[in-house]
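# Would you be able to build a 3D model of this:
(chains A and B)
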Amino acid sequence: DTGVSQDPRHKITKRGQNVTFRCDPISEHNRLYWYRQTLGQGPEFLTYFQNEAQLEKSRLLSDRFSAERPKGSFSTLEIQRTEQGDSAMYLCASSVGQTSSYNEQFFGPGTRLTVL
Amino acid sequence: GESVGLHLPTLSVQEGDNSIINCAYSNSASDYFIWYKQESGKGPQFIIDIRSNMDKRQGQRVTVLLNKTVKHLSLQIAATQPGDSAVYFCAEPGGYQKVTFGTGTKLQVIP
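Sure, this is the predicted structure:
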């Protein structure tokens, strides 16, 4: 499978614990995105990387959230001191492009987080 | 700022009939729209897009119509099949490649 992959697919944690999700983009895709999707809603943008540089962060990304893409390939999203409101599907997407023009984003299957 | 929203949260259609999913947007400067399909347990999948210099664009069994006067777009699916059952989002790319999604319409195909 050469699509975007995410791990784990499901995560159940207790409030206050830290969690980390991983995203592997499509090979050669230089752009990587994280979105959050709550039940019945559309995905909401969290952050965007071009290669290893994090170029944009939504105000939804509080201080408890941190995302990295150290080598410009895979990315991790960490949530510290999880809260019940963090329960959501966390989606990763990737695309290829060099200009400011939009390039089609390919989404992974998501990681569903449940905070008890 | 830009925003997209849908008129109906759920649409039930008989298999073989045509489906029409509607979407309204608020920013008259919006110039590019995308329709996504999201099946249960999967991420959104690109279906078709349209730029503001077009009124209509056709794909395989899908057609998107854009009415800039009333800031409305629609997705038409011809001969709806069970595999079309999913949630459909209209969306708009913005700065820094950020895509803003609407709430979504759930399409249920009745066999």
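# next one: the helix or strand of chain A with the lowest mean pLDDT to chain centre, how far?
Ranked by mean pLDDT, DSSP states H and E, the weakest helix or strand in chain A is strand A:53-57, scoring a mean of 91. A distance of 12 Å separates the C-alpha centroid of strand A:53-57 from that of its chain, computed with CA atoms, centre = their mean, to the nearest Å.
# Can you pull the poorly scored residue ranges out of chain B?
Along chain B, the model assigns pLDDT under 70 to residues B:1-8, B:96.
# try it again with 50
When the per-residue scores of chain B are filtered using pLDDT under 50, the ranges that remain are B:1-2, B:6-7.
# which bits of it sit near chain A?
Proximity of chain B to chain A is assessed by CB under 8 Å from any CB of the partner chain, with B:9, B:32, B:41-46, B:89, B:91, B:93, B:95-104 identified as the residues in range. Any C-beta I mention is one placed from the backbone N, CA and C, and that applies to glycine too.
# how does it look with 7 Å?
Of all the residues in chain B, those in contact range of chain A (CB under 7 Å from any CB of the partner chain) are B:32, B:41-46, B:89, B:93, B:96-99, B:101-104.
# From those residues, keep the buried residues only.
Buried members of the residues of chain B next to chain A, scored by 16 or more other CB atoms under 10 Å in any protein chain shown, are B:43-44, B:89, B:93, B:96-99, B:101-102, B:104.
# end-to-end on stretch A:53-63?
One end of stretch A:53-63 to the other measures 18 Å (CA to CA, to the nearest Å).
# Show the residue spans covered by the strands in the chain.
As the question left the chain open, I've gone with chain A. For chain A, applying DSSP state E gives strands covering A:5-7, A:10-13, A:19-24, A:31-37, A:44-50, A:53-57, A:65-68, A:75-79, A:88-95, A:106-107, A:111-115.
# other chain: chain B
Using DSSP E, the strands of chain B run over residues B:4-6, B:10-14, B:19-25, B:32-38, B:45-51, B:56-58, B:62-67, B:72-77, B:86-93, B:99-101, B:105-110.
# The last one pairs with which strands?
Looking back up the chat, that one is strand B:105-110. For strand B:105-110, the paired strands and their directions (DSSP bridges) are strand B:10-14 (parallel), strand B:86-93 (antiparallel).
# Which residues does the shortest one contact?
It stands for strand B:10-14. With contacts defined as CB atoms under 7 Å, 6 or more residues apart in numbering or on different chains, strand B:10-14 is touched by B:19, B:21, B:80, B:105-110.
# quick one: which of these is nearest to chain A?
Ranked by distance to chain A (CB to the nearest CB), the contacts of strand B:10-14 are led by residue B:106 at 9.0 Å.
# So the closest one sits against residue B:89, correct?
No - assessed by CB atoms under 7 Å, residue B:106 is found out of contact with residue B:89, at 10.6 Å.
# Show me the two of the buried ones among the residues of chain B next to chain A that sit farthest apart.
Put simply, by CB to CB the two of those set farthest apart are B:96 and B:104, 22.9 Å from each other.
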